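Chemist: Got a sequence here, can you model it:
(one chain, ligands or ions: 1)
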Amino acid sequence: MALRIDGKRLAADVRARAAAEVAELAARGIPCGLAVVLVGDDQGSATYVRAKLRDCEQCGIPSRDFKLPEQTTQDELMELVRTLNDDPGIAGILVQMPLPRHLDAEAVVAAIDPTKDVDGFHPENLGRLVRGLPGLRPCTPAGIMEMLDAYGIDVSGKNAVIVGRSSIVGKPMSLMLLAQNATISVAHSHTDPRELARICQSADILVAACGIPKMIKGPWIKPGAAVIDVGMDRDEDGKLCGDVDFDSAELVAGAITPVPGGVGPMTRAMLMSNVVMAAKMQHGLM
Ligand SMILES: Nc1nc2c(c(=O)[nH]1)N[C@@H](CN(C=O)c1ccc(C(=O)N[C@@H](CCC(=O)O)C(=O)O)cc1)CN2
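Modeler: Below is the predicted model of the structure:
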């Protein structure tokens, strides 16, 4: 039976470290403000934003909450981002994704000052990741790297398979694992479905980020592998589940993240540590 990786407990540790650093920075007169921008009425996004604002409160991070209507125009959103870029009290800017379809998310992300890009989505920060330079990293893959490290799961020389190639998770995840000397395979929607099970079976570390409920089953998993589930799906009964069929996977894996309580809480916690990092970078402290 696999060891359960406890994302909630690790997230609490990450938040506690961030809170201590926020207090130290505040004592030196360095503000760690976070601006959180939510456009539209998506209930899931509103829930995540509320949770992020609670995390800020817990870490002593002053947050400013911008709730914009669904009909917000590109110009209005770009103007808000520019204003926040110029605000010295704001160390980090987060625009909750997805944006309504009429808005150009790429342009919005590119308009954020890269030193305030606490999501790590800006092309400069992704470029820094490609080049192996320090910078703000996307929260979900950064949280996964923390989890692997905390549980002593060595990545170097291991086969890592990532199922999914999004810019938020799959691509940065592959680069972060590569930077730790893993051998990487990325499967995606054009991968031959007859090959998918075999590719997954080659993984010592399997990261599921495809958005298909319970797609990855126990027989696809190499015995003893670390299985990281990024999925946030609903099963046939409407219950929250991941991309991995947990019940069959935990019988084979060596370690596994649950949904809920695995990657999600770490995604939120890494945002707090990115805000601290952004504030430090802006004040020449790293
Ligand atoms: N600007 C961003 N937008 C989005 C990101 C992001 O990192 N930055 N990631 C996702 C959503 N997300 C954070 O925004 C997120 C999703 C889920 C969780 C989480 O803690 N999930 C819980 C379960 C919650 C539930 O019960 O529904 C868990 O897994 O335990 C945190 C963050 C897309 N947008």
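Chemist: Alongside the ligand, which residues does the protein contribute?
Modeler: Within the chain, the positions lying close to the ligand (C-beta under 6 Å from any ligand atom) are 48, 94-97, 119, 139-140, 232, 240, 259-261, 264-265, 267-268. Just so you know, the C-beta spots here come from the backbone N, C-alpha and C atoms, and that holds for glycine as well.
Chemist: What remains of these if I keep only buried residues?
Modeler: For these, a neighbour count by 16 or more other C-beta atoms under 10 Å gives the buried set as 48, 94-96, 119, 139-140, 232, 259, 261, 264-265, 267-268.
Chemist: Can you give the distance of the helix or strand hosting residue 109 from its chain's centre?
Modeler: Assigned by DSSP states H and E, residue 109 falls within helix 105-111. Here helix 105-111 is found 18 Å from its chain centre; the criterion is C-alpha atoms, centre = their mean, to the nearest Å.
Chemist: helices or strands next to whatever helix or strand comes next after that helix in the packing?
Modeler: Later in the chain than helix 105-111, the nearest helix or strand by DSSP H and E is helix 123-131. If you count contacts as 3 or more C-beta pairs under 8 Å, 6 or more residues apart in numbering; DSSP states H and E, helix 123-131 packs onto helix 170-179.
Chemist: all strands of this structure, in order?
Modeler: 3-4, 33-39, 63-68, 90-95, 159-163, 183-187, 205-208, 226-229, 233-234, 240-241, 255-256 (DSSP state E).
Chemist: ok, now which ones touch the residue in the chain positioned nearest to the ligand?
Modeler: Per C-beta to the nearest ligand atom, residue 264 is where the chain lies closest to the ligand, at 2.2 Å. By C-beta atoms under 8 Å, 6 or more residues apart in numbering, the contact set of residue 264 is 7, 232.
Chemist: Surely residue 98 and residue 48 touch.
Modeler: No. Contact criterion C-beta atoms under 8 Å: residue 98 and residue 48 do not qualify, at 11.3 Å.
Chemist: if we can go back for a sec, for the residue of the chain closest to the ligand, give its distance to residue 130.
Modeler: 26 Å (C-beta to C-beta, to the nearest Å).
Chemist: now swap in residue 18 and tell me
Modeler: As judged by C-beta to C-beta, residue 18 and residue 130 stand 26 Å apart.
Chemist: which of these two has more neighbours?
Modeler: residue 18 (26 against 13; other C-beta atoms under 10 Å).
Chemist: got the contact list for the spatially most central residue of the chain?
Modeler: By C-alpha atoms, centre = their mean, the chain has its centre lying nearest to residue 140, at 1.7 Å. For residue 140, the contacting residues are 168-169, 173, 209, 230, 263, 266-267, 270, by C-beta under 8 Å, 6+ apart.
Chemist: Recalculate using a threshold of 7 Å.
Modeler: 168-169, 230, 263, 267 (C-beta atoms under 7 Å, 6 or more residues apart in numbering).
Chemist: Likewise for residue 112?
Modeler: 81, 85, 93, 122.
Chemist: The same query, at a cut-off of 8 Å, please.
Modeler: Shown here is residue 112, whose contacts under the criterion C-beta under 8 Å, 6+ apart are 81, 85, 93, 95, 122.
Chemist: phi, psi of the nearest residue to the second one once chain neighbours are set aside?
Modeler: The reference is to residue 85. Nearest residue to residue 85, sequence neighbours excluded (C-beta to C-beta, 6 or more residues apart in numbering): residue 113, at 4.2 Å. Torsion angles at residue 113 (phi, psi; degrees, to the nearest 10) stand at phi -60, psi 120.
Chemist: can you list the domains in this structure?
Modeler: 28-114, 139-264 (automatic domain parsing).
Chemist: Now render the ones you listed as CSV, adding mean pLDDT.
Modeler: Converted to CSV, these look like this (pLDDT from 0 to 100):
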stretch, mean pLDDT
domain 28-114, 98
domain 139-264, 97
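Chemist: how about the helices in the stretch 151-286 of the chain?
Modeler: Secondary structure of the stretch 151-286 of the chain by DSSP state H, counting those that start in this stretch: the helices cover 170-179, 193-201, 246-249, 263-282.
Chemist: Deepest-packed of those helices, please.
Modeler: Among the helices of the stretch 151-286 of the chain, helix 263-282 has the highest mean neighbour count (mean count of other C-beta atoms under 10 Å), at a mean of 24.
Chemist: Dump the contacts of residue 112 to JSON lines, plus distance to residue 178.
Modeler: Supplementary listing: the contacts of residue 112 in JSON lines, determined by distance: C-beta to C-beta, whole Å:
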{"residue": "81", "distance to residue 178": "31"}
{"residue": "85", "distance to residue 178": "31"}
{"residue": "93", "distance to residue 178": "28"}
{"residue": "95", "distance to residue 178": "27"}
{"residue": "122", "distance to residue 178": "20"}
